[in-house]
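>>> here are the coordinates; sequence isn't available:
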């Protein structure tokens, strides 16, 4: 019974990894972004290319949760040394599967936005798509910069 509860908890942890993705839209801010000075420039959108923004492959949540689930599943196989080996192999296989689940569940629809800056020059920025609305060539936009963070918005 205790094993089932642990297994259910580990499966829930893997399932929740998809909810932990970072919001990469131009209008999404973190608490650390609040009350920070941003420079504002203006630009015209020249080109927009749909892209996929992959999740963080270094996030240990998927690997850890998968290893727990795999280890628990492996521990139910055999007995003695066979059970120990199956536990290790299950943990490794679960970690690999958990990593892939984490990566696939945290992909975001993005857009690469090439801009012609009003003051001259061109830049390209990748950010998430909000409400399935892509910027369009010819759009007049604001470019907000704060440190290494750059956003495009109307």
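Sure thing, it's come through. The structure displayed is predicted, hence computed values, not measured ones.
>>> Quick one: neighbours of residue 87, just the number.
Neighbourhood size, residue 87 [other Cβ atoms under 10 Å]: 19. The way it works is simple: take the backbone N, C-alpha and C, and place the C-beta from them, glycine included.
>>> Show me which helix or strand of the chain is least confident by mean pLDDT.
helix 2-16 (a mean of 47; mean pLDDT, DSSP states H and E).
>>> Now do the contacts for residue 140.
Residue 140 is in contact with 42-44, 154, counting by Cβ atoms under 8 Å, 6 or more residues apart in numbering.
>>> Apply 7 Å and report the result again.
By Cβ atoms under 7 Å, 6 or more residues apart in numbering, the contact list for residue 140 reads 42, 44.
>>> That one bridge partners, please.
Beta-bridge pairing for residue 140 (DSSP bridges): residue 44.
>>> Look up how far residue 39 lies from it.
According to Cβ to Cβ, to the nearest Å, residue 140 and residue 39 sit 17 Å apart.
>>> try residue 152
Distance of residue 152 to residue 39, given as Cβ to Cβ: 14 Å.
>>> neighbour count winner among the two?
Legend: neighbour count by other Cβ under 10 Å for residue 152 and residue 39, higher for residue 152 (20 against 9).
>>> thought that one was touching residue 134?
No: here residue 152 lies out of contact with residue 134, judged by Cβ atoms under 7 Å, at a distance of 11.1 Å.
>>> I'd like to know how many residues surround residue 113.
A count of nearby residues for residue 113, using other Cβ under 10 Å, gives 24.
>>> Check which helix or strand it maps to.
strand 108-117 (DSSP states H and E).
>>> Let's test this: mean pLDDT of that strand, rounded?
For strand 108-117, mean pLDDT is 95.
>>> got the buried residues for stretch 32-45?
Buried residues in stretch 32-45, counted by 16 or more other Cβ atoms under 10 Å: 41, 43, 45.
>>> check contacts around the residue nearest to residue 47 when sequence neighbours are not counted.
Distance criterion Cβ to Cβ, 6 or more residues apart in numbering; nearest residue to residue 47, sequence neighbours excluded, is residue 114 at 4.2 Å. Residue 114 makes contacts with 46-47, 122, 124, as judged by Cβ under 7 Å, 6+ apart.
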